[in-house]
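[1] Here is my input, please return the structure:
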Amino acid sequence: MANITFDSLKKDISKRNFAPIYLLMGDEAYFIDQLTELLLEKVLTETEKDFNMLTFYGVDSDVNTIVAAARRFPMMAEYLLIVVKEAQELNKFELLDYYAKNPLKSTVLVINYKHGTVDKRKALVKNIEKNGGVVFESKKLYENQIPSFIKNYFSERNIRIDEKSSQMITDFVGNDISKLIQQLQKLEVSLPEGSNTITSELIEKNVGVSKDYNNFELLKAIAEKNILKANAIVDHFGKNQKDNPGVVTLTVLFSYFSNLLECFWLPQKSEQNVMSALNLRSSFFARDYMSGLRNYNASKVMEIITYLRIFDGKSKGIDNISASPGELLKELVYKIMH
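    You can find the predicted model right below:
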């Protein structure tokens with residue numbers, strides 16, 4: 001069962017198409033928790049859980065006890081649900097392979113293995129997959145995947161958000177899913193009655209990121225060579241350094257100019273080709289690259305990438321005695337745009 005995705009698993013579980021074993025592993029706890037919660041909701045009714053659900057914690061359990069429990073039959077229910085949390089702490093974890101070779105169809109065994117993965121070459125993984133089970137690796141999202149995650153999160157709740165607003169949140173929070181969810185929930189409960197649209201004004205009021213002075217707008221100003229606007233944003237950043245850390249701005253600019261450099265080698269520099277080469281989801285995100293192609297050349301972009309590396313060093317104290325983060329950013333943006 002290769003290439004299983006979070007969304008495909010959610011659909012199967014929601015349709016009550018259960019696997020006998022779920023090995024949910026990886027570094028991103030959020031997706032593991034979400035799938036586990038969905039299984040807890042869908043496999044058994046609240047009444048059935050009294051006699052047909054058991055939860056084990058790896059640090060306090062042993063494999064033999066878990067396997068013995070999994071081999072029981074359900075009482076007045078279709079399934080028996082066994083959840084093993086913190087399975088990475090379970091002693092002799094690989095011995096679960098003995099159960100994986102011949103799992104009961106009436107048992108749903110959910111294994112939460114966080115902050116790491118099980119070697120997919122191990123017999124346990126192969127036998128889970130061979131016998132109809134699911135092996136899902138929950139990976140940390142890259143920052144360029146976050147806007148899509150935000151959009152899907154709100155879409156499931158019948159809430160709309162535009163591309164600019166989702167990018168504003170991404171630039172402010174980054175790819176820390178736990179922090180991101182907190183901000184998204186805050187926005188959800190802050191929606192005015194009768195409204196189902198997240199706006200930049202709502203984000204500014206409740207998340208704390210300015211709708212006019214943020215990395216998204218700075219990048220747009222730099223791409224368009226709008227010097228006045230870029231300087232105004234940089235000045236705002238200098239006065240509000242806590243809310244606009246230089247490391248985030250550096251990451252945004254470095255990603256943009258690295259991608260822009262790649263665009264210069266495209267045979268045809270059309271919007272569609274740029275979207276394809278950079279794996280962009282919509283033309284909205286291609287606009288800044290099209291502006292960059294018009295306003296910069298490859299040689300200048302290579303210079304800019306050098307400036308960014310120097311800025312990174314200076315912000316860490318290398319060859320910098322007294323310049324503040326705000327002063328360093330002003331110098332950087334000046335060099336980029338001149």
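
[2] show me the contacts for the residue nearest the centre of the chain.
    Nearest to the mean C-alpha position of the chain, by Cα atoms, centre = their mean, lies residue 141 at 3.2 Å. Listed by Cβ atoms under 8 Å, 6 or more residues apart in numbering, the contact set of residue 141 reads 28, 149, 175, 177. The way it works is simple: take the backbone N, C-alpha and C, and place the C-beta from them, glycine included.

[3] one more time with 10 Å, if that's ok
    Counting by Cβ atoms under 10 Å, 6 or more residues apart in numbering, residue 141 makes contact with 28, 30, 31, 148, 149, 174, 175, 176, 177, 180.

[4] Just the buried positions in the helix or strand where residue 299 lies, please.
    Using DSSP states H and E, residue 299 maps to helix 298-315. By neighbour count on 16 or more other Cβ atoms under 10 Å, the buried set for helix 298-315 is 301, 304, 305, 307, 308, 310, 311, 312, 314, 315.

[5] circling back: max pairwise distance over the contacts of residue 141: which two?
    31 and 174 (17.1 Å; Cβ to Cβ).

[6] ok, these two, which is more surrounded?
    A direct count of neighbours by other Cβ atoms under 10 Å for residue 31 and residue 174 places residue 31 higher, at 21 against 16.

[7] Tell me who's in contact with the more buried one.
    So residue 31 contacts 5, 6, 9, 10, 24, 136, 137, 138, 139, 140, 141, 177 (Cβ under 10 Å, 6+ apart).

[8] Report pLDDT for the nearest residue to the fifth one once chain neighbours are set aside.
    So the one you mean is residue 24. Excluding its sequence neighbours, the residue lying closest to residue 24 (Cβ to Cβ, 6 or more residues apart in numbering) is residue 32, at 4.5 Å. The model reports residue 32 with a pLDDT of 95.

[9] so what pLDDT did the residue nearest to the centre of the chain get?
    Residue 141 is assigned 89 on the pLDDT scale.

[10] tell me the domain boundaries of this structure?
    What automatic domain parsing lists as the domains of the chain is 6-138, 143-206, 215-337.

[11] The first one: end-to-end distance?
    For domain 6-138, the first and last residues are 8 Å from each other (Cα to Cα, to the nearest Å).

[12] Show me where the stretch 151-300 of the chain has its strands.
    160-161, 197-198 (DSSP state E, counting those that start in this stretch).

[13] tell me the mean pLDDT over the last one?
    This points to strand 197-198. pLDDT averaged over strand 197-198 gives 92.

[14] contacts for it?
    Here strand 197-198 makes contact (Cβ under 10 Å, 6+ apart) with 150-151, 154, 159-162, 165-166, 168-169, 184, 187-188, 190-191, 206.

[15] Filter these down to the ones in helices?
    The helices, defined by DSSP state H, take in 150, 151, 154, 165, 166, 168, 169, 184, 187, 188, 190, 206 from the contacts of strand 197-198.

[16] still on that earlier bit, will you turn the buried residues of helix 298-315 into JSON lines that also has distance to residue 235?
    Below are these laid out as JSON lines (distance: Cβ to Cβ, whole Å):
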{"residue": "301", "distance to residue 235": "25"}
{"residue": "304", "distance to residue 235": "20"}
{"residue": "305", "distance to residue 235": "24"}
{"residue": "307", "distance to residue 235": "19"}
{"residue": "308", "distance to residue 235": "20"}
{"residue": "310", "distance to residue 235": "21"}
{"residue": "311", "distance to residue 235": "17"}
{"residue": "312", "distance to residue 235": "21"}
{"residue": "314", "distance to residue 235": "19"}
{"residue": "315", "distance to residue 235": "18"}
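
[17] model confidence over the host helix or strand of residue 67, on average?
    Assigned by DSSP H and E, residue 67 falls within helix 63-70. Here helix 63-70 scores 94 as its mean pLDDT.
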